[in-house]
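Trainee: Quick one, what's the 3D model for this:
(chains A and B)
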Amino acid sequence: MTQMADLIWQRRAARIRQRKVTNAIMLSLTGLLTALALVPLFWIIGYVIVRGGSSINLDFFIHLPTPLGVTGGGVLSAIEGTVVITLLAAVFAIPPGVLAAFYAARYPNRPLGVALRFSTDVLAGVPSIVVGLFGYTLIVIPMGHYSGLAGGAALAVIMLPTIIRTTEEMLKLVPGTLREASLGLGAPEWKTSLSVLFPAAANGIITGFLLAMARAVGETAPLLMTALGNERFSLGQIVGSGVEGHQSVFMIIGRIVNQPVDSLPLTLWKYAQQPYPERVDQSWAVALVLMIFVLLVNIATRLWVQQRARRLKG
Amino acid sequence: MTMQLMTDIKHATNSNAPIKVDVKNLDVHYGSFRALREIDLSIREKQITAIIGPSGCGKSTLLRSFNRMNDLTFGCRMSGEIRLDAQDILAPGVDVVDIRRRVGMVFQRPNPFPKSIYDNVAYGPRLYGLRRRSDLDAIVERSLKSAALWDEVKDKLGQSGFSLSGGQQQRLCIARALAVEPEVILMDEPASALDPISTLRIEELMHDLAHDYTIIIVTHNMQQAARVSDFTAMMMIDDQRAGRMIEFDQTNIIFTRPKDKRTEDYVTGRFG
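Mentor: Below is the predicted model of the structure:
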């Protein structure tokens, strides 16, 4: 080999070495920072499991709260209340949210479409306690009492921006050719939206709803001022007495939503501030329940979406 | 499987066939941009008319005017007349939904719905209220047979439309368009996304369909236009970038003794 080739060869070896070193440094650095970013997540999960795990037992889930010192109490009222409020919020938020998103996706250039997108972004940034105040002023005060209805309405307002945004994004992802094919066959716009666009975007729409729900489940501030909390709330008792008294389904539902309703985040907030160790332990247990619930919803959503996508691909 | 040669399927060019679609002085604007200028065209019934021309000359715009699909583009304005039989489809107050049933469309890239093969074809009839299973079965079978796809899919009607190959998907889209019993079928470069064998099958299909339907096809493939069509319309852009109709005549005349020099240049490959 000539001297020149030798030099080039040596330089090459040095360059390779240098590349390897830089590679290793950057890899370790980014790895370290990733681990750092994950630390809060795992710390929280771990801590909640450790602190809350000991208070979880069957009673926790199926019994109403008992006075201090009496064993066998649970948070059934909070669990049932959370379910009721979240369902109510879904009923309030999904129809207007999905329909509004359909409009905005179809007519992005019309003033109403533009206004909708802008308003959604603004609404998403409104602090949740302001939403609670809104619910308090507009529902609780006129009604004269706290209620699950107000709580559901407040949560619906919080869920609305997420639902509208994800639905609109999912609709925009549906290829325009699908819409053209349907319109080309002579289908009116609404039929096209219902029979072609909606099924095609359904995955994303449901994902959006589930994510919005997972967030709403954990909201405390709005519920403070609308649902208040109610340790005596028991679906079993309301339904039972309603059936006995031959009340119609509507009346029973009315009674359910028309009174202050308990909720998991509210319970957590209440118990955590009390000076009694049992209550504090219970608040950790509630935290664990909430966390697991949100985790399960997210995992189930992903699995379900994957499975549905696989089925459609044939 | 033996391929029938193009010459076996004879479908006669009839220059005395009644006029199905009559275009008079059509102008199409997108906002301030004029896409088509003063288009005059007479499409004859149950004949295959090809629209050819260089890229961007407005062929697809013209095609999409026939079923008012241009309405979907923001800012599109059309003036002039397009008469489907006796009715001017550009008139205000005309029922666009009905027009789109009478004038069906097959797109460049196959676009089956994410539904089963059966549901794809049954989509149109269901729109019009057909619910009975036996009725739908009959229509699905008939449409798939007309699209030369029945034998290949009759045992798997429940499978997703995407499980078919590209050529099969395109025939599925044709079957879907046929299911609503249109009078005119528009095809926007229907075989440009397909391999040569599938292309040939689609062309055979066109010849069969021309017995019952008026077909208007846009193609940038001149050999295809020469093979398939009875009449050819030659379009080009003028110096204001608007598309104009240069010449319209029987296909054999356009390709052997065109009257306009620009047509001659284009079909002989000197330009375009």
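Trainee: can I have stretch B:177-187 written out in PDB, keeping just the CAs?
Mentor: Listed in PDB are the C-alpha atoms of stretch B:177-187, where the atom choice follows Å, rounded to 0.1, in the frame of the first residue of the first chain:
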ATOM      1  CA  ALA B 177     -71.800   1.400  -9.700                       C
ATOM      2  CA  LEU B 178     -73.900  -0.900 -11.900                       C
ATOM      3  CA  ALA B 179     -76.000  -2.000  -8.900                       C
ATOM      4  CA  VAL B 180     -78.000   1.300  -9.000                       C
ATOM      5  CA  GLU B 181     -78.700   0.800 -12.700                       C
ATOM      6  CA  PRO B 182     -77.200   4.000 -14.100                       C
ATOM      7  CA  GLU B 183     -77.700   5.200 -17.600                       C
ATOM      8  CA  VAL B 184     -74.200   6.600 -18.100                       C
ATOM      9  CA  ILE B 185     -71.000   5.300 -16.600                       C
ATOM     10  CA  LEU B 186     -68.100   7.700 -16.200                       C
ATOM     11  CA  MET B 187     -64.600   6.200 -16.000                       C
END
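Trainee: how many neighbours does residue 148 have?
Mentor: Reading this off chain A. A count of nearby residues for A:Gly148, using other C-beta atoms under 10 Å in any protein chain shown, gives 26. (C-beta placed from N, C-alpha, C; glycine too.)
Trainee: hmm, I had chain B in mind actually
Mentor: Going by other C-beta under 10 Å, the residues that sit close to B:Ala148 add up to 18.
Trainee: With the one 4 residues further on instead?
Mentor: By the other C-beta under 10 Å criterion, the neighbourhood of B:Glu152 contains 15 residues.
Trainee: Flag the shaky bits of the chain, pLDDT-wise.
Mentor: If you meant another chain, say so; for now it's chain A. A:1, A:72, A:311-314 (pLDDT under 70).
Trainee: that's the wrong chain, I wanted chain B
Mentor: Judged by pLDDT under 70, the stretches of chain B that qualify are B:1-10, B:271-272.
Trainee: for it, what spans make up the strands?
Mentor: For chain B, the strands defined by DSSP state E occupy B:19-30, B:33-44, B:48-52, B:76-84, B:87-88, B:103-106, B:184-188, B:214-218, B:231-237, B:243-250.
Trainee: Give the other helices and strands that the second one contacts.
Mentor: Just to be clear, that refers to strand B:33-44. Helices and strands touching strand B:33-44, as assessed by 3 or more C-beta pairs under 8 Å, 6 or more residues apart in numbering or on different chains; DSSP states H and E, comprise strand B:19-30, helix B:59-65, strand B:214-218, strand B:231-237, strand B:243-250.
Trainee: most packed of those?
Mentor: Ranked by mean neighbour count under mean count of other C-beta atoms under 10 Å in any protein chain shown, those are led by strand B:214-218, which reaches a mean of 26.
Trainee: Around chain A, pick out the residues from the stretch 151-272 of chain B.
Mentor: Contact residues, the stretch 151-272 of chain B versus chain A (C-beta under 8 Å from any C-beta of the partner chain): B:Gln159, B:Ser160, B:Gly161, B:Phe162, B:Ser163, B:Cys173, B:Arg176, B:Ala177, B:Val180.
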